[in-house]
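Colleague: Please find the sequence and the predicted model below.
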Amino acid sequence: MTSLIWILLQFLTRAKKQFNEKYEKNPKCDVSLDEDFDVKRTLGSGSFGRVVLAEYKKSKKKKVYAVKIMEKAKVMKQKQLDHTMNEKRILASISFPFIVKQAFAFKDNTYIYIALEFVSGGEMFHHLRNAGRFGEMRTRFYASQVLLAFEYMHYLDLIHRDLKPENLLIDHKGYLKVTDFGFCKKIKGRAWTFCGTPEYLAPEIILSKGYGKAVDWWSFGILMFEMASGQPPFQAEKHIKMYDMIVSGKVEYPKHFSAELKDLLENLIQVDVTKRYGALRNGVQDIKNHKFFAPVDYIATYQKRLEAPFVPETKGVGDDSNFEKQDEEAMKTSETCKFEEEFKDF
């Protein structure tokens, strides 16, 4: 075992111990949206609820957060209670440079809130659409950070299950942050829940075979393909047709892909899990040591010492110009506590 791998193993072992200690404690925060935050505007919205930009009033220096707001009734109706509880508990316990940090998690009578660090550069999705596609150097730069984040998460027995450009944020230095842990789960062995984004679903999820960490490496391959080409490899108007395409595993690679990139993707977008990179005997090392990633200095990447190929324009703390304007919605908090028993551990 080389000294570098030994150092990495020691780091991951300490990280797992720290994660497990925090995960078991499941700490709670005594804060309030109205009393402790000044809400600026909505940054994004979806079926889960919405995310608002909010300044924390009780800090001497200006601190802003992206606060995810979910209505308890909607969480229950969509049968997302377990996913939501997992998200809060996991985000409170992890710590890694390329994963968004959770500052607070709290609730009131009607809503639950997860306050995350605000990443001012906006979603990768936005920048990818503006660029059309990324060159291979930029693709490699971003992919290496996701690779390290997944290596860390998988060592903690976590699977993300929803990797996509919308769930990757770019910070003011041009580095990535993985976000949206709504489908993240701590597992030993297999999971069975059908969840994720259609274009990024691994075949074993679609086929209801039971699955493990290898689904993240499939989606990692899909992400790299989309970054380098501008579009995911499997697309169709109807999901059932797209699922057939995914299960078949037949991919048409653009001619501009280098031989190294194509070779790596052929081993990631691999229907047979027993042949998929990341799930083999050498685990993540098969990916890290692939010739496509040969130029990568993983230590310098982890320490953010490399010059980013793209740095988004930002004007300081709280600059929200990289996020599109959203319609605002009024919040109505009930006088009585909703689903008190179900959310008692939030």
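Modeller: Received the coordinates, thanks. Numbers count the residues shown, from 1 in each chain.

Colleague: use CA for all of it now, contacts and neighbours both
Modeller: Noted.

Colleague: Quick one: list the elements packing against the helix or strand containing residue 41.
Modeller: Residue 41 belongs to strand 37-46 when elements are defined using DSSP states H and E. In this structure, strand 37-46 packs against strand 49-56, with contacts taken as 3 or more C-alpha pairs under 8 Å, 6 or more residues apart in numbering; DSSP states H and E.

Colleague: Can you name the next helix or strand after the strand it packs on?
Modeller: Per DSSP H and E, the first helix or strand lying C-terminal to strand 49-56 is strand 64-71.

Colleague: picking up where we left off before, ok, the strand holding residue 41: who's next to it in the sheet?
Modeller: With DSSP bridges as the test, strand 37-46 is paired with strand 49-56 (antiparallel).

Colleague: Pull out the buried positions in the partner strand.
Modeller: 50, 51, 52, 53, 54, 55, 56 (16 or more other C-alpha atoms under 10 Å).

Colleague: can you pull the contacts of the third one?
Modeller: Spelled out, that is residue 52. 39, 40, 41, 42, 43, 44, 66, 67, 68, 69 (C-alpha atoms under 8 Å, 6 or more residues apart in numbering).

Colleague: quick one: residue 261 from residue 35, how far?
Modeller: Per C-alpha to C-alpha, to the nearest Å, residue 261 is found 51 Å from residue 35.

Colleague: I misspoke; the intended subject was residue 191.
Modeller: Residue 191 is 40 Å from residue 35, where distance means C-alpha to C-alpha.

Colleague: ok, now residue 270?
Modeller: 51 Å.

Colleague: Show me the chain divided up by domain.
Modeller: Using automatic domain parsing, the domain parsing of the chain gives 22-120+314-346, 124-302.

Colleague: Which one, of those domains, ends up nearest to residue 11?
Modeller: Residue 11 lies closest to domain 124-302 among those, at 9.5 Å (C-alpha to C-alpha).

Colleague: Run the chain-centre distance for the closest one.
Modeller: Averaging C-alpha positions (C-alpha atoms, centre = their mean, to the nearest Å) puts domain 124-302 11 Å from its chain's average.

Colleague: Let me see the mean pLDDT of it.
Modeller: Averaged across domain 124-302, pLDDT comes to 97.

Colleague: End to end on that domain, go ahead and measure it.
Modeller: By C-alpha to C-alpha, the extent of domain 124-302 from end to end equals 19 Å.

Colleague: residue ranges for the helices of the stretch 1-150 of the chain, please.
Modeller: For the stretch 1-150 of the chain, applying DSSP state H, counting those that start in this stretch gives helices covering 3-25, 33-36, 72-77, 81-91, 124-131, 136-155.

Colleague: Show me what the residue lying closest to residue 64 once chain neighbours are set aside bridges to in the sheet.
Modeller: With sequence-adjacent residues excluded and distances taken as C-alpha to C-alpha, 6 or more residues apart in numbering, residue 64 is closest to residue 55, at 4.2 Å. With DSSP bridges as the criterion, residue 55 is bridged to residue 38, residue 64.

Colleague: Residue 49 now?
Modeller: For residue 49, the beta-bridge partners under DSSP bridges are residue 46.

Colleague: which ones are touching it?
Modeller: 68, 69, 70, 71 are the contacts of residue 49 under C-alpha under 8 Å, 6+ apart.

Colleague: out of those, which are buried?
Modeller: Applying 16+ other C-alpha under 10 Å to those flags 68, 69, 70, 71 as buried.

Colleague: residues contacting the residue nearest to the first one when sequence neighbours are not counted?
Modeller: For residue 68, ignoring the flanking residues on the chain, the nearest one in space by C-alpha to C-alpha, 6+ apart is residue 51 at 4.3 Å. For residue 51, the residues meeting the contact criterion (C-alpha under 8 Å, 6+ apart) are 42, 43, 44, 45, 66, 67, 68, 69.

Colleague: pretty sure the second one is in contact with residue 65, am I right?
Modeller: In other words, residue 43. No - assessed by C-alpha atoms under 8 Å, residue 43 is found out of contact with residue 65, at 10.8 Å.
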